[in-house]
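Participant: the following comprises the amino acid sequence and a computationally predicted model.
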Amino acid sequence: MPEDNVQSLTVVTCTAPVNIAVIKYWGKRDEDLILPINSSLSVTLHQDQLKTTTTAACSRYFKEDRIWLNGKEDNINQPRLQSCLREIRRLARKRRSDGDPNADALGYSYKIHICSENNFPTAAGLASSAAGYACLVYTLSRLLGVDGELSEVARQGSGSACRSMYGGFVQWRMGEQEDGKDSVAEQVEAETHWPELRVLILVVSAERKPVGSTAGMQTSVETSALLKHRADSVVPGRMEEMISAIRQRDFAAFGELTMKDSNQFHATCMDTYPPIFYLNDVSRRVINLVHRYNHHYRETRVAYTFDAGPNAVIYTLQQHVAEFIQVVKHFFPPETNGEQFLRGLPVSPVSLSEELTRAIGMDPLPKGISYIISTKAGPGPRVVEDPSLHLLGPDGLPKKSA
C-alpha cells in the first residue's frame, strides 16, 4: 500500500476466550445456520491463559479481503468465514440505512484484512474455533460499528463460538425458529460469581484430532440412536440441574453432572457408526485417577470433562488445586524437571501422603501428560487499546511473516 495511503487504514484489535462445555453441544439440526439439536452450557476460561487475538483493518486501498491465521495466509472464501463477514457487513449497512449518525458511512464497502493468533494449540480439542470465530465477529463488529446480538453471528462461524461472546457461565439456547434467530447465547452468571472455581487443562496431545467436530457431529446425527435420546430426554433436565448447581455454587452437583455429561457425549461418539474415538489411553487413565481420588475422600473434589479430543479439563475448587496437581505429577511424571509442566496461574507445591498415593494405587505413566494449564473463569471478548499490539502493520500486512 502506498505510503501516503497509510492514513486511510482503520485498525481494531480484540481478544476472545476459550469456553469449555459442561453440558455438551453435539449435533446440528441445520448445517448451514449451525443450529444445534440440544442446548448447552459452558464455562468461559480466563484470557490471561487462553485466548485468540485478532486484528482487523479496512482501507479503500485494499484490493481484496484477506486473512492470516497463526502466521500463514488462509483461504478467506471458506463458507463459515464468509457467513460472518457477510452478516457483519449487512448489520453495518442496516445501521447506516436506519439513519444512525455514528454509523461508518463507507467501512462496510471496503475490503478487510484479518490477522489472528492463538496462544494455545489449534484443532487439538481446546475449543480453538470457538475462540477464533468469537474474536473474528467481535473484532469486525468493533471495526464497522455494529452493536446488538452478536452471538447469533458468531454461531454461524462455529456453534460453540456463540458461548465465547460472554464471560463466566454461559448457556446456548438451542432455539426453535427455523431461521435461528432464537438460537443465541446468554450469560447465566458472571465470571466473578464463583471465585473459588479453578480449571486445570491436562494437555495429553497437542496434535490435530483425527476426526473434526463438524464431520463427527454429522455422522453422529445420521447414525446414533443414543444421540437423539440424549438431546430429547436427557439434556433438558441436565440444563436445569446445572444452572441450579452453578447458582448455588454446589460443586458436588456441578462436578457429578459435568462428568456424567462428558461420559455420555463420548458414549454417543462410540454409538456413532463407524465409531469415533476422541479419548485415548491417557484420557482413560485420567478418568480413573479422578474417580479414585474422589473415592478416597468420599466426596466429589475434582471433575473431568473432555471435548472432541484427548485433553482433560479438570474443574475443582481452589483449596484442592495444589494437591491434585501433585497427584497428576506423581502418576504422570513429567519428561523434564517440571519447570514448564505447570503453566498459567501459579500453584505452590505440596507433598502427598502415602495413604493417598496408595489409595489411588495406579502405576505411574511417564510423559503421559505434556503439561498443565492452570486457569479460572474469565470475561468475554475485549478491545485491545494499545496500538503496538496490533497484529497488522501500517501497510495492512502481518507484522510477523510466516
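Facilitator: Noted; the coordinates are in hand. Model, not experiment: these values are computed from the prediction.

Participant: okay, CA-based contacts and neighbour counts for the rest of this
Facilitator: Will do.

Participant: look up the closest residue to residue 19, ignoring the ones flanking it.
Facilitator: residue 44 (4.2 Å; CA to CA, 6 or more residues apart in numbering).

Participant: the one you found contacts residue 165, correct?
Facilitator: No - the criterion here is CA atoms under 8 Å, and residue 44 misses it with residue 165 at 9.1 Å.

Participant: okay, and the common contacts of the two?
Facilitator: residue 380 (CA atoms under 8 Å, 6 or more residues apart in numbering).

Participant: quick one: secondary structure of residue 113?
Facilitator: Of the three states, residue 113 takes strand under DSSP: H, G, I helix; E, B strand; the rest coil.

Participant: what is the burial count for it?
Facilitator: Residue 113 has 23 neighbouring residues, counting by other CA atoms under 10 Å.

Participant: quick one, what contacts the closest residue to residue 341 other than its chain neighbours?
Facilitator: In space, not counting the residues next to it along the chain, residue 341 is nearest to residue 371; the distance is 4.4 Å by CA to CA, 6+ apart. Residue 371 sits next to 202-204, 334, 340-343 when contact means CA under 8 Å, 6+ apart.

Participant: secondary structure, pLDDT and distance to residue 351 added to those residues, as TSV?
Facilitator: Below are the contacts of residue 371 laid out as TSV (DSSP: H, G, I helix; E, B strand; the rest coil; pLDDT from 0 to 100; distance: CA to CA, whole Å):
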residue	secondary structure	pLDDT	distance to residue 351
202	strand	95	20
203	strand	91	23
204	coil	88	24
334	coil	91	16
340	coil	84	19
341	coil	91	17
342	strand	93	16
343	strand	92	19
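
Participant: can I get the buried part of those as one PyMOL selection?
Facilitator: Those of those that count as buried under 16 or more other CA atoms under 10 Å are selected in PyMOL with:
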select buried, resi 202+203+204+334+341+342+343
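
Participant: name the nearest of the contacts of residue 371 relative to residue 396.
Facilitator: Closest approach to residue 396 among these (CA to CA): residue 343, at 33.2 Å.

Participant: from residue 93, how far out is that closest one?
Facilitator: Distance of residue 343 to residue 93, given as CA to CA, to the nearest Å: 44 Å.

Participant: quick one, longest helix in this structure?
Facilitator: Scanning the chain for the longest helix, with DSSP state H as the assignment, gives helix 251-271.

Participant: other SSEs contacting that helix?
Facilitator: If you count contacts as 3 or more CA pairs under 8 Å, 6 or more residues apart in numbering; DSSP states H and E, helix 251-271 packs onto strand 19-23, helix 213-223, helix 225-229, helix 235-247, strand 302-305, strand 312-317.

Participant: what's next to whatever helix or strand comes next after it, contact-wise?
Facilitator: Following helix 251-271 in sequence order, the next helix or strand is helix 281-297 (DSSP states H and E). Applying CA under 8 Å, 6+ apart, the contact partners of helix 281-297 are 204, 300-304, 310-312, 356, 359-360, 362, 368-369.

Participant: mind running it again at 7 Å?
Facilitator: If you take CA atoms under 7 Å, 6 or more residues apart in numbering as the criterion, helix 281-297 is touched by 204, 300-304, 310-312, 359-360, 368.

Participant: buried residues, it. List them.
Facilitator: Within helix 281-297, the residues scored as buried using 16+ other CA under 10 Å are 282-283, 285-287, 289-293, 296.

Participant: same check on stretch 356-364?
Facilitator: Neighbour counts over stretch 356-364 (16+ other CA under 10 Å) mark 357, 360 as buried.

Participant: follow-up on the earlier one: the contacts of helix 281-297: which two are farthest apart?
Facilitator: Of all pairs drawn from these, the greatest distance, 25.3 Å, lies between 310 and 359 (CA to CA).

Participant: on that earlier part again, residue 44 and residue 165: who's more crowded?
Facilitator: Between residue 44 and residue 165, counted using other CA under 10 Å, residue 165 has the larger neighbour count: 33 against 28.

Participant: so how far is residue 28 from that one?
Facilitator: On the measure of CA to CA, residue 165 and residue 28 end up 20 Å apart.

Participant: extract the CA atoms of stretch 368-388 and return them as CSV.
Facilitator: C-alpha atoms of stretch 368-388 as CSV (Å, rounded to 0.1, in the frame of the first residue of the first chain):
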residue,chain,number,x,y,z
GLY,A,368,1.5,-39.2,29.6
ILE,A,369,0.7,-35.5,30.3
SER,A,370,2.7,-33.0,28.3
TYR,A,371,1.8,-30.0,30.6
ILE,A,372,-0.9,-28.5,32.7
ILE,A,373,-2.6,-25.1,32.2
SER,A,374,-3.9,-23.6,35.4
THR,A,375,-6.7,-21.1,34.9
LYS,A,376,-10.1,-20.0,36.1
ALA,A,377,-13.4,-18.4,34.8
GLY,A,378,-12.9,-15.2,33.0
PRO,A,379,-14.5,-12.3,31.0
GLY,A,380,-15.8,-12.2,27.4
PRO,A,381,-14.2,-10.5,24.4
ARG,A,382,-12.2,-7.3,24.9
VAL,A,383,-10.8,-4.5,22.8
VAL,A,384,-7.0,-4.1,23.0
GLU,A,385,-6.3,-0.4,23.4
ASP,A,386,-2.5,-0.5,22.9
PRO,A,387,-1.8,0.1,19.1
SER,A,388,1.6,-1.6,19.5
